[in-house]
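A.B. asks: Below are the sequence and a predicted model for it; my questions follow.
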Amino acid sequence: MTCEETLILDGAAKSKEIYKEIKTEVEKLNKEEEVVPRLSIIFVGDNPASASYIKLQQKVCTKVGIDSKVVNLPKNISQEGLLAELDKINNDDSINGILIQLPLPAHIDDDKIIRKINPSKDLDSFHPYNIGELVIGGDAYIPCTPEGVMALLDKYKIGVKGKDVTIIGHSNIVGKPMALLLLNRNATVSVCHIDTKDTAKYTKKSDIVIVAAGVPNLITADMIKEGAVVIDVGINEVDGKIVGDVDFENVKKKAAAITPVPGGAGPMTIAMLLKDTVKSCKNMLNK
Ligand code: NAD
């Protein structure tokens, strides 16, 4: 396998295709139902990285016709104050989707907040109801990043049934739901994490490797099987540049397909967020 033959999984291009489809659906909802899908983003404090990510989300929402509103709350807001704000949004019938920008300040109990989100507006699938539905393969919200990875594999017609897949990272928002999505499609899944004794033992035998650890250069060429598919979810800043968790240049020489960072898994996450907002809008109309 030479570098020229490696397929670059272009999440930026594929997400634009999805934006177009969503824009058409939104226009249909505007015309036929006289509704505008609405997203509410709860942002506590002023973390600059979160602020710029939210700006990006809003920009894309505007492009496809979704109305997004940021509820920016002071970082010293009390737990009760935040729960009260969340309750207002939970009960506002004009809002279809809720995102809670993490991390929340240390004095807030994330678990209490997550359990309070209205599950039918829980686009990040934080609520145990949605994660439970995912376990049994039901039709609930799926966390946007693993949902985006599946959508990217589907766009490139990379099947997962019967494949050996290793996921590196076992967070509730990426690694665990990724494993469930793959299991629901009959992949054979290994999940590695910080305490895994020998991550390479798993990655070396895998047809697909998905890494979401937040560690630059964690996955090197010697850890990858010739012809594997490598999906890099990691986002790290190194010397002012955004990089993933994979040694891209060297792994690319061995892989059959690989995602770049940026421009791979990241844009697909935002595309899924838009898709799920529209899905929620339609669900609410059908009630
Ligand atoms: P997290 O910190 O919650 O979890 C990190 C996971 O990686 C844990 O399971 C940990 O055990 C594992 N890990 C850490 N170091 C490891 C090592 N040396 N070997 C094996 N496993 C190791 O992070 P997260 O929220 O799941 O995010 C992971 C990465 O994905 C971050 O870089 C984050 O920025 C990125 N991310 C990207 C998107 C996107 O849209 N592309 C979305 C969410 C997260």
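C.D. replies: It's in. Please read all numbers here as calculations on a predicted model, not as lab measurements. Residues are numbered from 1 along each chain as shown.
A.B. asks: Let's verify Pro177: helix, strand, or coil?
C.D. replies: helix (DSSP: H, G, I helix; E, B strand; the rest coil).
A.B. asks: Please look at it and Leu134 and confirm they touch.
C.D. replies: Yes - between Pro177 and Leu134 there is a contact under CB atoms under 8 Å: 5.9 Å. Backbone N, C-alpha and C define where each C-beta goes, glycine included.
A.B. asks: what are the ranges of the helices in the stretch 1-150 of the chain?
C.D. replies: 11-28, 48-64, 79-90, 110-116, 128-135, 144-155 (DSSP state H, counting those that start in this stretch).
A.B. asks: what's the closest of the ones you listed to the ligand?
C.D. replies: helix 144-155 (4.0 Å; CB to the nearest ligand atom).
A.B. asks: Who are the packing partners of the closest one?
C.D. replies: helix 11-28, helix 175-184, strand 229-232, helix 265-285 (3 or more CB pairs under 8 Å, 6 or more residues apart in numbering; DSSP states H and E).
A.B. asks: Next to the ligand, which bits of the stretch 51-200 of the chain? Give me the list.
C.D. replies: With CB under 6 Å from any ligand atom as the criterion, the stretch 51-200 of the chain meets the ligand at residues 145, 168-171, 173-175, 192-194, 196, 199.
A.B. asks: okay, those residues in TSV with pLDDT next?
C.D. replies: Output for those, formatted as TSV (pLDDT from 0 to 100):
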residue	pLDDT
Thr145	97
Ile168	99
Gly169	98
His170	98
Ser171	97
Ile173	95
Val174	97
Gly175	98
Cys192	99
His193	98
Ile194	98
Thr196	98
Thr199	98
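A.B. asks: Select only the buried ones of those in PyMOL?
C.D. replies: Restricted to buried positions by 16 or more other CB atoms under 10 Å, the PyMOL selection for those reads:
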select buried, resi 145+168+169+170+173+174+175+192+199
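A.B. asks: List the ones among the residues of the stretch 51-200 of the chain next to the ligand that fall in helices.
C.D. replies: The helices, defined by DSSP state H, take in Thr145, Gly175, Thr199 from those.
A.B. asks: what's near enough to touch the first one?
C.D. replies: For Thr145, the set of contacting residues under the criterion of CB atoms under 8 Å, 6 or more residues apart in numbering consists of Ile173, Val174, Met178, Ala212, Val233, Ala265, Met268, Thr269, Met272.
A.B. asks: Surely Leu183 is in contact with Val191?
C.D. replies: No - with contact defined as CB under 8 Å, Leu183 does not count as touching Val191 (10.2 Å).
A.B. asks: Which of these two has more residues huddled nearby?
C.D. replies: Using other CB atoms under 10 Å as the criterion, Leu183 and Val191 rank with Val191 on top: 18 against 15.
A.B. asks: For Tyr141, which residues are in contact?
C.D. replies: Neighbours of Tyr141 in contact, by CB under 8 Å, 6+ apart: Pro119, Asp122, Leu123, Asp124, Ser125, Asn130, Asp276, Ser280.
A.B. asks: what do you get if the cut-off is 7 Å, keeping everything else the same?
C.D. replies: Tyr141 makes contact with Asp122, Leu123, Ser125, Asn130, Asp276 under the criterion CB atoms under 7 Å, 6 or more residues apart in numbering.
A.B. asks: ok, now Ser190?
C.D. replies: Thr166, Tyr202.
A.B. asks: does it have beta-bridge partners, and which?
C.D. replies: For Ser190, the beta-bridge assignment (DSSP bridges) gives partners Thr166.
A.B. asks: and the gap between it and the ligand?
C.D. replies: Going from Ser190 to the ligand by CB to the nearest ligand atom, to the nearest Å gives 12 Å.
A.B. asks: cool, and Ile158?
C.D. replies: Counting by CB to the nearest ligand atom, the gap from Ile158 to the ligand is 18 Å.
A.B. asks: what's the burial count for the residue lying closest to that residue once chain neighbours are set aside?
C.D. replies: Of all residues not flanking Ile158 in the chain, Val229 sits nearest, at 5.8 Å (CB to CB, 6 or more residues apart in numbering). Val229 is flanked by 24 other residues according to other CB under 10 Å.
A.B. asks: Compare the contacts of Tyr141 and tell me which has the most neighbours.
C.D. replies: Busiest of these [other CB under 10 Å] is Leu123, holding 27 neighbours.
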